[in-house]
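Q: got a structure for you, letters missing:
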């Protein structure tokens, strides 16, 4: 029998899958990150006391410039993933809190604006240096391997909104 992970060791986080009117999803290429697994959905931390839905909208706006959205759905419960040892060691070197991984609540939004709204330089910390629309089914093959199981759960949860 395996015990449940200690959630206090996982950073509270949100993720966003942004769908366009045609059912394609928004992928961002991580800034200054070598490929091939450098495309992902917007995601980020939840501030202490912040509502997860508000955090999702904030992260989406900071990372993509997008504010014109309507809520389609959200995941039930949280999706956890562990950081690989080398990332945990990097966090320690940078004197960041040594989380074991992240616990995420994911949101699906429909983009209702014009693509001119997308601005990757919206925030002082640039997350992405390119973006594109793609099929939701591509997500697993685009993301870094340690996040694949989490992305598989997200794809299953939001497949009903895809093209």
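A: Received the coordinates, thanks. Here the structure is a predicted model, which is why all the values come from computation and not from measurement. Numbering: from 1, shown residues only.
Q: what's next to the longest helix belonging to the chain, contact-wise?
A: Of all segments of type helix in the chain, defined using DSSP state H, the longest is helix 52-64. Helix 52-64 has contacts (CB atoms under 8 Å, 6 or more residues apart in numbering) with 12, 14-16, 18, 26, 28, 42-47, 50, 66-67, 69, 71, 74, 105, 107, 109, 118-120, 122-123, 125, 127-128, 131. For the C-beta atoms, the positions are set from N, CA and C on the backbone; glycine is no exception.
Q: ditto for stretch 26-39
A: So stretch 26-39 is contacted by 17-20, 40-42, 63-64, 66, 111, 120, 126-134, 138-139, 142-145 (CB under 8 Å, 6+ apart).
Q: again, 7 Å this time
A: The contact list for stretch 26-39, computed with CB atoms under 7 Å, 6 or more residues apart in numbering, reads 18, 40, 42, 63-64, 126-134, 142-145.
Q: Write the PyMOL selection for whichever of these are buried.
A: Typed into PyMOL, the line below selects the buried ones among these, using 16 or more other CB atoms under 10 Å:
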select buried, resi 18+40+42+63+64+127+128+131+133+142+143+144
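Q: about what we covered before: moving C-terminal from the longest helix of the chain, which element do we reach first?
A: Following helix 52-64 in sequence order, the next helix or strand is strand 69-74 (DSSP states H and E).
Q: If I take that next one and helix 52-64, what angle do their directions form?
A: Interaxial angle, strand 69-74 versus helix 52-64 (axes from the mean of the first three to the mean of the last three CA atoms, to 10 degrees): 120 degrees.
Q: Okay, now the sheet partners of the following helix or strand past strand 69-74, with direction.
A: Next helix or strand after strand 69-74 toward the C-terminus (DSSP H and E): strand 79-82. Here strand 79-82 is paired, per DSSP bridges, with strand 101-111 (antiparallel).
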